[in-house]
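Colleague: The following block contains a protein sequence and its predicted model.
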Amino acid sequence: MSFVRKSADLTPIVDTVFAVIAKAKEDAAVNGDAVVNATIGSLYDEDNHLVAYDTVFNHYDAIDHRIKASYAASFTGNPDYRQQVYNWVTYGQKLNLAHTVIATPGGSGAVSIGFTTFLDEGETVILPEIAWGSYALMAHENNMNYITYKNFDGDRFNLESLKECVNTVKAKQDRVVIVLNDPCQNPTGYCLKEQEWKDFVSYLNEASKGCDIILINDIAYIDYSYRSMEDARHYMSYFNDLSDNVMVEICFSCSKTLTSYGLRCGAAIVLAQKKEDVRDAEIIMEKKARATWSNIPNAAMANFVWTVTENRDAFLKEKQKYIDLMRERSSLFIKEAKEAALDCYPYDEGFFVTLRIDDNKYRDRLHQALMDNHIYTVSVNHGIRIAICSLPLVKVHGLAAKIKEVAEKTK
């Protein structure tokens, strides 16, 4: 006898990231500074404190309690929030596309609602082989299948592998959904180059002649690009060339942009050539929002609007300080990794650097060996993730050489 739905998977969820973080904290309580905790996927300062921007939270603290207590204006989000999210996400790009914005609980809410808007149960979504693990969990929990494309061909985006996946999915369903986390990919830090985006969009148009294609573009880390806001978003201008059979859902996260991980505020931005196609997706998302989370925190939306309008310059200045810090951390690690002959996936910008390890069995042995040597990382498919976003420079220095030494002993 069971009270839950018949299709439920009753295997308990084990969040390996939080489990390793807990081990790192236990070790640090005993061994102090000897421990290197490169697990935490949030922004930390050089004193090992979680960063919570003053330019964001001083105003949030001052928001009237009744605004914090109030429902949002709509389950699709407050109108001014929806408008400012669109302005922020597409900054500097003149998009000639129909669009809508739906407020979601973080970027993960936007990705999840995309899966259930565009695919039916039993259908297949296309995911990156090296990616945030929750993509696969979202597919599984919504009774969907997934296949993966290889992220890289050498040090370049592997469009040919993606094409193979699209052909496989096209053979059995009339809609193809592709997930791409770019720029600042989690966990590798790779960003598609201008020509790669041009080729990608051109391919989407060609492939859509036989079916509808939806690109779910997860931009959770876009505001930590080492480029300017406009340059980091320039690839979106190529969306103007998409055919009528291609739709894009951009998934935005206030969690990363505002260092407000716990406020759970984000958005799904849907783009397409035809207004009626966007409206169809919007109707479904409206219903799913109402039936799932009802509405997004009112004060979180109000605070985003204030931060990116009235307090924009001060906010950008404070955020830039930490972008510069991450650039310094990543540059040091990449430099020392090259000196130690430590193989990393191509890194451009973002929260994470990932070691390239093709053999997952060896990866598991190395991951454990690193923990045995007080170095805590996150195991990902075909690699080990280093969270430079939370690792002080003093801990970055010499880390690559230490990892190399452990790796040599683990072979």
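Modeller: Done, it's in. Owing to the predicted nature of the structure, the values given are computational and were not obtained by experimental measurement. Residues are numbered from 1 along each chain as shown.
Colleague: Tell me where the stretch 201-350 of the chain has strands.
Modeller: Counting by DSSP state E, counting those that start in this stretch, the stretch 201-350 of the chain has strands at residues 212-218, 246-253, 266-272.
Colleague: Just the C-alpha atoms of the first one, please, in CSV.
Modeller: Read that as strand 212-218. Coordinates of the C-alpha atoms in strand 212-218 are reproduced here as CSV (Å, rounded to 0.1, in the frame of the first residue of the first chain):
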residue,chain,number,x,y,z
ASP,A,212,9.3,23.6,-33.4
ILE,A,213,12.3,24.3,-31.4
ILE,A,214,12.5,26.0,-27.9
LEU,A,215,15.8,27.2,-26.5
ILE,A,216,15.9,27.6,-22.7
ASN,A,217,18.7,30.0,-22.1
ASP,A,218,19.7,30.0,-18.4
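Colleague: strands paired with it, and their directions?
Modeller: Strands flanking strand 212-218 in the sheet, each with its direction: strand 175-181 (parallel), strand 246-253 (parallel) (DSSP bridges).
Colleague: what's the average pLDDT for it?
Modeller: Mean pLDDT, computed over strand 212-218, is 98.
Colleague: List of residues touching it?
Modeller: The set of residues external to strand 212-218 that reach it, using Cβ atoms under 8 Å, 6 or more residues apart in numbering, is 107, 110-111, 114-115, 118, 132, 166, 174-182, 204, 207, 245-251. C-beta: built from backbone N, CA, C; applies to glycine.
Colleague: If we use 7 Å, what do you get?
Modeller: The list of residues contacting strand 212-218 from outside it, by Cβ atoms under 7 Å, 6 or more residues apart in numbering, reads 107, 111, 114, 118, 174-182, 204, 207, 245-251.
Colleague: For these, which ChimeraX command selects only the ones that are buried?
Modeller: This is how ChimeraX selects the buried members of these, with burial counted by 16 or more other Cβ atoms under 10 Å:
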select :107,111,114,118,175,176,177,178,179,180,181,182,204,207,245,246,247,248,249,250,251
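Colleague: Quick check: chain neighbours aside, which residue is closest to Thr100?
Modeller: Nearest-residue entry for Thr100: Glu282, 4.4 Å, with adjacent residues in sequence omitted and distances by Cβ to Cβ, 6 or more residues apart in numbering.
Colleague: residues in contact with that neighbour?
Modeller: Counting by Cβ under 7 Å, 6+ apart, Glu282 touches Thr100, Ile102, Val270.
Colleague: which residues pair with the first one across the strands?
Modeller: Pointing back at Thr100 there. Beta bridges link Thr100 to Val270, judged by DSSP bridges.
Colleague: Surely it and Val278 touch.
Modeller: Yes. In this structure, Thr100 is within contact of Val278 by Cβ atoms under 7 Å, at 5.4 Å.
Colleague: Please enumerate the shared neighbours of those two.
Modeller: Residues touching both Thr100 and Val278 (Cβ under 7 Å, 6+ apart): Val270.
Colleague: so who does Ala72 touch?
Modeller: Listed by Cβ under 7 Å, 6+ apart, the contact partners of Ala72 are Asn78, Asn295, Ile296, Asn298, Met301.
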